[in-house]
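Student: generate coordinates for the sequence data below:
(one chain, ligands or ions: 1)
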Amino acid sequence: MRVADKLRQAAESGAGFFSLEFFPPKTEQGVANLYERIERLARLNPLFVAVTWGAGGSTAQRTVELCSACQGVFGLETVMHLTCTNMDRAMVDEALAGAKAAGVQNILALRGDRPRNQEYQVQANGFAYAADLVRYVRAQYGDYFCIGVAGYPEGHAESDDKEQDFEHFKAKVRAGADFVVSQLVFDPELFVAWERRCRAHGIDVPIVPGVLPVQSYQSFRRLAFLTKVHVPAQLQAQLGDAKANDQAVKDVGVAHAAAAVRALREAGARGVHLTTLNLEASVCRVLHEVGLAPAADPRPLTATAAPALPAAL
Ligand code: FAD
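Tutor: Residues are numbered from 1 along each chain as shown. Modelled structure (predicted):
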């Protein structure tokens, strides 16, 4: 089913929802561990799950295989991320064909970041921006794929001209996007103001705020540096105080993410997209604290409860 339709249904029913994001692990053991976590998280009924795509196509096969497992084995509505910079058209074609063969009907169309040690390159017959990919997917597949795009409440990190960046974002949605997932939100007020601005500019597709329960101080620092998102002073201070203690960092991350989800929902968002970093404990705690999921399910996996898991990659 198309994620945009599910988001509209959730908005009409007034029911709260959440969605989850995973990345494709590099090792067989990592995949096996993730499958077990996804099987448990699936019981919490996410509206959809999303699987990231490595810059330049570095995870192409692993991303398609994980999407195939999420959609086909775990029965979760799945969004495949797909970037286009530094990739030729044949790679994009292969990815889209793989997604369709796996029964995946939703794509998050992205330009992507520069692959490590490379400059941005438009390959022969390739694409410069996400809007080009949106148009291409639409032209090749009509309405088969429901297409999402990324939105940046504080503007894109690389853009010096935020007005121009917003115009690019509007053009990307007009190119044929069906829904938007936002950059990570640490300051809900910034998301709420941006969403209002989007609506005032006629953007009427569903917009889902992205939320990350911080799980490690180092990865948080790297992410904040790369994305340049505003981190409220209180969160910075709490994480700084907790940084020597991994569990204390996770506790701060859960408390802040839960507060952000509550604030977003009070301001009208029906749900949130949670970045899991392939871990489950913090995400489950956040969902429980905000009433979007029951307390952790203590049932062990059993041969009868667990679906037949696909072989790890
Ligand atoms: P675009 O919308 O194409 O914009 C990129 C930049 O180009 C912006 O600064 C914009 O203002 C500018 N621009 C756009 N159009 C034009 C134009 N016509 N002329 C001049 N300038 C223009 N990265 C991954 O590698 N894999 C992932 O799975 C992934 N998932 C993500 C999920 C979400 C929800 C988000 C928010 C980001 C994700 N990213 C991912 C990161 C993303 O790829 C980077 O932020 C990337 O730099 C921009 O991608 P985009 O699709 O937003 O680009």
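
Student: now the host helix or strand of Phe225, how far from the centre of its chain.
Tutor: Assigned by DSSP states H and E, Phe225 falls within helix 217-227. Put simply, helix 217-227 sits 17 Å off its chain's centre (CA atoms, centre = their mean, to the nearest Å).

Student: residues making contact with that helix?
Tutor: Applying CB atoms under 8 Å, 6 or more residues apart in numbering, the contact partners of helix 217-227 are Ala157, Gln183, Leu184, Leu212, Val214, Val231, Leu239, Ala242, Lys243, Val249, Gly253, Leu277. All C-beta spots, glycine's among them, are computed from the backbone N, C-alpha and C.

Student: repeat that for stretch 263-274.
Tutor: Outside stretch 263-274, the residues touching it (CB under 8 Å, 6+ apart) are 7, 10-11, 14-21, 47, 50, 181-182, 185, 188-189, 191-192, 195, 208-213, 257, 261, 283, 286-287, 290, 292.

Student: repeat that with 6 Å
Tutor: With CB atoms under 6 Å, 6 or more residues apart in numbering as the contact definition, stretch 263-274 has outside contacts at 10-11, 16-20, 181, 188, 192, 208-211, 261, 283.

Student: for it, list every residue counted as buried.
Tutor: Ala263, Leu264, Arg265, Ala269, Arg270, Gly271, Val272, His273, Leu274 (16 or more other CB atoms under 10 Å).

Student: do the same with stretch 19-26
Tutor: For stretch 19-26, by 16+ other CB under 10 Å, it's Ser19, Leu20, Glu21, Phe22, Phe23, Pro24, Pro25.

Student: does the last one really touch Tyr35, like I thought?
Tutor: Put plainly, it is Pro25. No - Pro25 is beyond contact range of Tyr35, at 9.7 Å (criterion: CB atoms under 6 Å).

Student: now intersect the contacts of helix 217-227 with the helices, please.
Tutor: Leu239, Ala242, Val249, Gly253 (DSSP state H).

Student: report the two of those residues separated the most.
Tutor: Within the ones in helices among the contacts of helix 217-227, two members stand farthest from each other by CB to CB: Ala242 and Gly253, at 9.1 Å.

Student: all good on my end, thank you.
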